[in-house]
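Asker: quick one: sequence plus predicted model below, questions after.
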Amino acid sequence: MKIQELPQDRLATTDERGKRVQLYPADVEGKYHARRRVVHSLLVALFLLLPWIKINGYQSILLDIAHRRFVIFGLAFWAHDAPMLVFVFGAVLIGISLLTAVKGRLWCGWGCPETVFVEFVYRQIERWIEGNAVQRKRLDQSPFSLKKIAIKGAKWAAFLVVTLIITHSFLAYFIGVEELGHWVRHSPAEHPTAFSVMAFTTAVLLFSFGWFREQFCIIMCPYGRFQSVLMDEHSLAVIYDEKRGEPRRGPDVPKAEQGDCISCYRCVQVCPTGVDIRRGVQMECVACTACIDACDEVMLNQHKEPGLISYTTLEDLSGRKPKTIRARVLILSVVLVGILAGLTYVLVTRDPLKTTAFNAKNVPFTVLEQNKSDPLVANQFFLVSSNYTFEDASIELRVADPALRDKIKLIIPTGQLKVKAGQEIKNPFLVEFHKSVLKQGRMRLQLEMVKKADEGKWQRTVTQEIPLAGPY
Ligand code: SF4
Ligand code: SF4
């Protein structure tokens, strides 16, 4: 077996005893690398900046689990909106499955934080401090020396600084930038829990991005495991053109019979997960496209057409037309459209100020004037109001039927119903009427609730039927 040939019976990242084999992916330049650099830079910038951008006066994305409060691009959600999360998670799940069925592992190679941070932040720092792949390997294999300790120390110190920046940004999504500022300005002794969260998150990210790296994709990532189910021969993937490349160059293959692959192993050297893509589409391949750039460079040097390894479909390579519309794509698209339609409906019909009136328990009614033939009766209710908006609002209660307004009075002990932005309150109110208004001691009343934002941005009127009770 050639020294560069990967084992057939195990992963390239493990030895015969199952111990990890450290990879040193070689540097590569090319059109895909340049495109990925742009995409990854934008994603990193977005990740760092998003918590600092305000929309409607609120942090653009806030997942404040502790206070059960969520803000997504200016839209406020509360814990009561949990059913809506079913739609959101469903849309994400089906959307990723659809993306995979059509575009293969586009997410892994271009959008996954593990790839983005490892390839374009941590590996870059490593290159600056330790040198290229050969120098890095040589350094790791060299005996301990002051120089080695200094270089490794500098690298891990740089990793720690970068990880702290990432951790702080990451936590800003969950606690908000104001709270984060508070954490940072105060001594860890004043907030040990917050400090522990910060230290733990930093340790996990440092471990994953600094050391664990491709092992996460190969061993731990559940998404990677689903690839074989989600993808088929029509899905985009990084594929080696076997017809064109084989038989690859080798001492046993006559020159006239050789395909375009010159067995230079450059595609293997640049692979961050240690894959030899010439063995076919593999689960460990994260579609990073590094081997495409590497092989294109080799082909151009050999005065051959690039594209021996390309981003294509198995159908395309075998000369058949790949089908974009196929059963799994169709089914996933229909389900996704259904979920998005449901989510849109819920969002559009969502009451910005939810109000529900309900009876006070135990006392169905109170007779206010005992000795009269048509006594005055009061029913006690509560109005529970949840203001999901960013503005303080007020609620006006009235009897929906104008003909009954003189006969039935609504009394609010607090004078007026005010609900602050994001507040959930319960206000008592009384309904007063004479016994004669009821039929056989009962009636159902249409209660109208006019809800208005104090700044006049929105107004909504809803009605609710409430039961009135009195003596026979
Ligand atoms: S880089 Fe291209 S030519 Fe070289 S081994 Fe890989 S597939 Fe063959
Ligand atoms: S095989 Fe190619 S595309 Fe797949 S992970 Fe390795 S270098 Fe990236």
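Answerer: Cool, the structure landed. Residues are numbered from 1 along each chain as shown. Ligands and ions are numbered 1, 2, ... in the order given.
Asker: just give the number of residues close to Val197.
Answerer: Burial measure for Val197: 16 neighbouring residues, criterion other CB atoms under 10 Å. No exception for glycine: its C-beta is placed from N, CA and C like everyone else's.
Asker: point me to the residue of the stretch 1-150 of the chain nearest ligand 2.
Answerer: Going by CB to the nearest ligand atom, ligand 2 is nearest to Gly109 of the stretch 1-150 of the chain, at 6.6 Å.
Asker: low-confidence stretches in the chain?
Answerer: 1-4, 80 (pLDDT under 70).
Asker: show me what contacts the residue of the stretch 1-150 of the chain closest to ligand 2?
Answerer: Applying CB atoms under 8 Å, 6 or more residues apart in numbering to Gly109 gives the contacts 36, 115, 286-289.
Asker: confirm that it sits in a helix.
Answerer: Yes. Under DSSP: H, G, I helix; E, B strand; the rest coil, Gly109 falls within a helix.
Asker: which residue packs closest to it, ignoring adjacent ones?
Answerer: Excluding the flanking residues, the one nearest Gly109 by CB to CB, 6 or more residues apart in numbering is Ala287, at 4.0 Å.
Asker: which residues touch the one you found?
Answerer: So Ala287 contacts 104-106, 108-109, 237-238, 311 (CB under 8 Å, 6+ apart).
Asker: farthest-separated two in these?
Answerer: Using CB to CB, the two most remote members of the contacts of Ala287 are Cys108 and Tyr311, lying 13.0 Å apart.
Asker: which one of the two has more residues nearby?
Answerer: Cys108 (21 against 17).
Asker: against Phe117, how distant is the more buried one?
Answerer: 13 Å (CB to CB, to the nearest Å).
Asker: also Pro222?
Answerer: For Pro222, the distance to Phe117 - CB to CB - is 19 Å.
Asker: same question for Val363.
Answerer: Here the criterion is CB to CB. By it, Val363 lies 62 Å from Phe117.
Asker: go on, Arg17?
Answerer: Computed as CB to CB, the Arg17 to Phe117 distance reads 30 Å.
Asker: between those two, who's got more neighbours?
Answerer: The neighbour comparison of Arg17 against Phe117 (other CB under 10 Å) goes to Phe117, with 23 against 5.
Asker: and this structure, which of its residues are near ligand 1?
Answerer: 240, 245, 261-267, 278, 294-295, 298, 308-309 (CB under 6 Å from any ligand atom).
Asker: list just the nearest of those residues to Phe47.
Answerer: Ala294 (28.1 Å).
Asker: hang on, that closest one in a helix?
Answerer: Yes. Counting by three-state DSSP, Ala294 is found in a helix.
Asker: now the helices for the stretch 101-250 of the chain?
Answerer: Remark: helices assigned in the stretch 101-250 of the chain by DSSP state H, counting those that start in this stretch are 106, 113-117, 123-130, 133-141, 146-175, 177-185, 192-205, 214-215, 222-225, 227-230, 242-245.
Asker: can you redo those helices as TSV with distance to ligand 2?
Answerer: Listed next are these as TSV, based on distance: least, CB to the nearest ligand atom, whole Å:
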stretch	distance to ligand 2
helix 106	11
helix 113-117	9
helix 123-130	13
helix 133-141	13
helix 146-175	23
helix 177-185	35
helix 192-205	22
helix 214-215	8
helix 222-225	11
helix 227-230	12
helix 242-245	14
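Asker: show me the one of these that comes nearest Ile395.
Answerer: helix 177-185 (29.8 Å).
Asker: what does that closest one contact?
Answerer: So helix 177-185 is contacted by 51-52, 59, 168, 171-172, 175, 191, 194-195, 198 (CB under 8 Å, 6+ apart).
Asker: given whatever helix or strand Arg398 lives in, what are its sheet partners and their directions?
Answerer: Arg398 belongs to strand 393-399 when assigned by DSSP states H and E. Next to strand 393-399 in the sheet, as set by DSSP bridges, lie strand 417-419 (antiparallel), strand 442-453 (antiparallel).
Asker: one step back: which of the residues of the chain next to ligand 1 tops the neighbour count?
Answerer: Cys295 (29 neighbours).
Asker: which residues does that residue contact?
Answerer: If you count contacts by CB under 8 Å, 6+ apart, Cys295 has them with 266-267, 306, 308-309.
Asker: in TSV: the residues you listed, plus distance to ligand 2 and secondary structure.
Answerer: As requested, the contacts of Cys295 are exported to TSV (distance: CB to the nearest ligand atom, whole Å; DSSP: H, G, I helix; E, B strand; the rest coil):
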residue	distance to ligand 2	secondary structure
Arg266	10	helix
Cys267	6	helix
Pro306	15	coil
Leu308	12	coil
Ile309	7	strand
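Asker: okay if I get the residues you listed as TSV plus distance to Leu42?
Answerer: Output for the contacts of Cys295, formatted as TSV (distance: CB to CB, whole Å):
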residue	distance to Leu42
Arg266	28
Cys267	27
Pro306	26
Leu308	30
Ile309	26
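Asker: would you map out the domains in the chain?
Answerer: Here the domain parsing of the chain from automatic domain parsing is 31-228, 230-317, 353-469.
Asker: and the angle from whichever strand or helix holds Thr463 to strand 393-399?
Answerer: If you go by DSSP H and E, Thr463 is part of strand 459-469. Strand 459-469 runs at 40 degrees relative to strand 393-399, counting by axes from the mean of the first three to the mean of the last three CA atoms, to 10 degrees.
Asker: how much space between the closest residue to Val253 other than its chain neighbours and Gln22?
Answerer: Leaving aside its sequence neighbours, Val253 sits nearest to Pro247 (CB to CB, 6+ apart; 4.8 Å). As for Pro247, its distance to Gln22 is 32 Å (criterion: CB to CB).
Asker: got it, and Thr349?
Answerer: Distance from Thr349 to Gln22, by CB to CB: 56 Å.
Asker: so for those two, which residue has more residues nearby?
Answerer: Gln22 (12 against 7).
Asker: tell me who's in contact with the more buried one.
Answerer: Contacts of Gln22 (CB under 8 Å, 6+ apart): 137, 140.
Asker: which SS state does it fall under?
Answerer: Assignment for Gln22 (three-state DSSP): coil.
Asker: how about Gly90?
Answerer: Per three-state DSSP, Gly90 ends up helix.
Asker: just want the most central residue of the chain.
Answerer: Val92 (7.8 Å; CA atoms, centre = their mean).
Asker: against Leu368, how distant is that one?
Answerer: From Val92 to Leu368 the distance is 56 Å (CB to CB).
Asker: next one: Pro467
Answerer: Pro467 is 19 Å from Leu368, by CB to CB.
Asker: partners of Asp64 in the sheet?
Answerer: Beta bridges link Asp64 to Arg69 when assigned by DSSP bridges.
Asker: who's in contact with it?
Answerer: So Asp64 contacts 70-71, 174-176 (CB under 8 Å, 6+ apart).
Asker: could you list the buried residues of the strand holding Arg398?
Answerer: 393, 395, 397-399 (16 or more other CB atoms under 10 Å).
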